[in-house]
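structure, please.
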Amino acid sequence: MQGHITRRGLLAAAALMVLAPGQSLAAGGLRDVTPQDAFGALQTDPSILVLDIRTLREFAAGHLEGAIHINYYDRDFAHRIRALDSTRTYVMYCQAGGRSHALMRAFSQSPFRNVMHIPAGFSGWRRQGLPFVK
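Numbering: from 1, shown residues only. Okay, the predicted model is just below:
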């Protein structure tokens, strides 16, 4: 019985870590951040790479300056993600958080360990009035 309670507690704790914004998603720095926090990190550390996983049409309508565009729906998406340097730090987003959330789950099972995910997506970035380019 004791072991069962412990496992249930561990599962609940793991679920809270995934669902709580701003909390670590996995050891090593996979985490959700607000658009403001991502902007601050990019201002502070110019070595951070920006990863935009939206469609080409979404990307063309506006994106974070210097963003690497890899369309989530492209056939070679997984190959292109694996080709990225997993030792670098990334800020990653999609339009509203769904696609990027799925990629964060995949990152938790990969060598990537320094990824800031913007769950509010590019839509949240724009709502906050943060800068972007077309």
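
backbone dihedrals for V50, please?
For V50, the backbone dihedrals are phi -110, psi 130 (criterion: degrees, to the nearest 10).

and the one 5 residues further on, by the same measure?
Dihedral angles of T55 (phi, psi; degrees, to the nearest 10) stand at phi -70, psi 160.

quick one: residues contacting A106.
A106 makes contact with I81 under the criterion CB atoms under 8 Å, 6 or more residues apart in numbering. For every residue, glycine as well, the C-beta is placed using N, CA and C.

how near is it to A83?
A106 is 15 Å from A83, where distance means CB to CB, to the nearest Å.

the helix or strand M116 falls within pairs with which strands?
Using DSSP states H and E, the element containing M116 is strand 115-117. Strand pairing for strand 115-117, using DSSP bridges, gives strand 30-32 (parallel), strand 90-93 (parallel).

dump the ones you listed to a markdown table, plus mean pLDDT.
Formatted as a markdown table, those follow (pLDDT from 0 to 100):
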| stretch | mean pLDDT |
| --- | --- |
| strand 30-32 | 95 |
| strand 90-93 | 98 |
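
so which of the ones you listed is the most packed in?
With neighbours taken as mean count of other CB atoms under 10 Å, these reach their highest mean count in strand 90-93, at a mean of 25.

helix or strand right after that strand?
Going down the chain from strand 90-93, the next helix or strand is helix 98-107, by DSSP H and E.

returning to that earlier point: closest one to S47 among the strands paired with strand 115-117?
strand 90-93 (10.6 Å; CB to CB).

dump the closest one to CSV, restricted to CA.
Extracted as CSV, the C-alpha positions of strand 90-93 are listed here (Å, rounded to 0.1, in the frame of the first residue of the first chain):
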residue,chain,number,x,y,z
TYR,A,90,16.6,27.9,-27.5
VAL,A,91,13.4,30.0,-27.1
MET,A,92,10.7,28.0,-28.9
TYR,A,93,7.2,28.9,-29.9
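
so what touches it?
Applying CB under 8 Å, 6+ apart, the set of residues contacting strand 90-93 from outside is 33, 38, 41-42, 48-54, 64, 84, 100, 103-104, 112, 114-118, 121-122, 125.
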